[in-house]
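Novice: Model the structure of this input:
(one chain, ligands or ions: 2)
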Amino acid sequence: IHRIIIDCDPGHDDMAAILLAAWHPSIKLEAITTVCGNAPLNHTTNNALRIVDAFGLDVPVYAGAEQPLLHRYAFPAEFHGPSGLDSAGEDLPPARGTVQTQHAVDTIIERVEAAPGEITLVVIGPMTNLALALALRPSLAQKLRQVVFMGGSATEGNVTPAAEFNVWADAEAARIVFRSGVRLVMFGLNATHQTLMRREDVAKIRAAQPGSNPVADIMDFYCGTYFRFAGADKPGAPMHDPCAIAYLIEPTIFELTERPGEVLVSADGGYGQTLIDMRPQDPAHDTRVKNVAVAIKADPIRFAALVTEALSWAAGR
Ligand code: BDR
Ligand code: CA
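Specialist: Ligands and ions are numbered 1, 2, ... in the order given. Prediction:
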């Protein structure tokens, strides 16, 4: 059993990650913390509450950072819509539940300190909350079991030629995390561009619940925007965030390699780029400090089967 906290900015693929975690018996989702990222904090928090309510999840939601540490940018409404969780048809109902009064950063610290070595933090938005937690309590790096995150890339970017959105949105925060000594498992674009939500997957999710089906409608919005950007000939839209959860459930879906990694924060075109040292070296003489396990390969068929099953379950709730 993995005891996890999901730190997120829902977000279509964030929703898929939350549902995958809620669905699978090997995951104990103990809290959801939110951050500004795909949309302003009030939206991402509201979306997390709507997800928890709509699917009857018994998980508390804590709001986190309202701004990145230094970076300022316009929210990318073109991918997730102005709400952060736009639908091509029906929306999730308005939230009934309310956000916890404790701050996300405080709950992360409190929960990890109460169970040293046990909690996995799954970060699928910008790393602002974790960076703040590490600034308040550097020893958290040793107390976290691991940080499994979606962000960065060992190859191409998406928001710039070099940078992936989550790391770019708060590159200073990501740099703090990369230098903290915490155990890092990275799902960057080089891996998540292999894990797709295909048209046939959305069709299966729709068939699981005839009639009203906001899960399928929300995935239709996400795929629709992606196809508009990348071309309608693409087989599917990348399901970035669920990779981090799929890895905990079925690690053999992915191939990983231990690497030295760093985050660039210079103001030139490299801002937010993860610099992963992929150079091969003679293992006998390799003295590099390897601070991150980088996913390099995914089994798209097993991944799609897992996510489609979880979302079909959710659609029927
Ligand atoms: C990441 O950015 C967001 O748009 C997605 O939710 C994902 O976390 C992909 O670059
Ligand atoms: Ca996200």
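Novice: Okay, strands next: where are they in the stretch 1-150 of the chain?
Specialist: 2-8, 27-34, 61-63, 119-123, 146-150 (DSSP state E, counting those that start in this stretch).
Novice: same thing with the stretch 151-300 of the chain?
Specialist: Using DSSP E, counting those that start in this stretch, strands in the stretch 151-300 of the chain cover 184-187, 196-198, 236-238, 254-259, 261-263, 274-276, 292-298.
Novice: Let me see the mean pLDDT of the third one.
Specialist: It stands for strand 236-238. Averaging pLDDT along strand 236-238 gives 97.
Novice: do the same with the last one
Specialist: On average, the pLDDT along strand 292-298 is 98.
Novice: Ok, the fifth one next?
Specialist: Mean pLDDT, taken over the full extent of strand 261-263, equals 96.
Novice: now what about that strand, what contacts it?
Specialist: Applying CB atoms under 8 Å, 6 or more residues apart in numbering, the external contacts of strand 261-263 come out as 152, 167, 171, 174-175, 178, 184, 186, 272-277, 291-292, 294. C-betas here are computed from N, CA, C, even on glycine.
Novice: thinking again about what came up before, nearest to Gly157, of the strands of the stretch 151-300 of the chain?
Specialist: strand 274-276 (9.2 Å; CB to CB).
Novice: What helices and strands are in contact with the closest one?
Specialist: Applying 3 or more CB pairs under 8 Å, 6 or more residues apart in numbering; DSSP states H and E, one finds that strand 274-276 makes contact with strand 261-263.
Novice: List the neighbouring strands of the strand it packs on plus their orientation.
Specialist: strand 274-276 (antiparallel) (DSSP bridges).
Novice: Go through the partner strand and flag the buried ones.
Specialist: Thr274, Ile276 (16 or more other CB atoms under 10 Å).
Novice: ok, now stretch 20-37?
Specialist: 20-24, 27, 29, 31-37.
Novice: ok, of those residues, which one's closest to Thr128?
Specialist: Closest approach between the buried residues of stretch 20-37 and Thr128, by CB to CB: Val35, at 5.3 Å.
Novice: hang on, isn't the closest one packed against Ile6?
Specialist: No. If you go by CB atoms under 8 Å, Val35 and Ile6 don't touch, sitting 10.9 Å apart.
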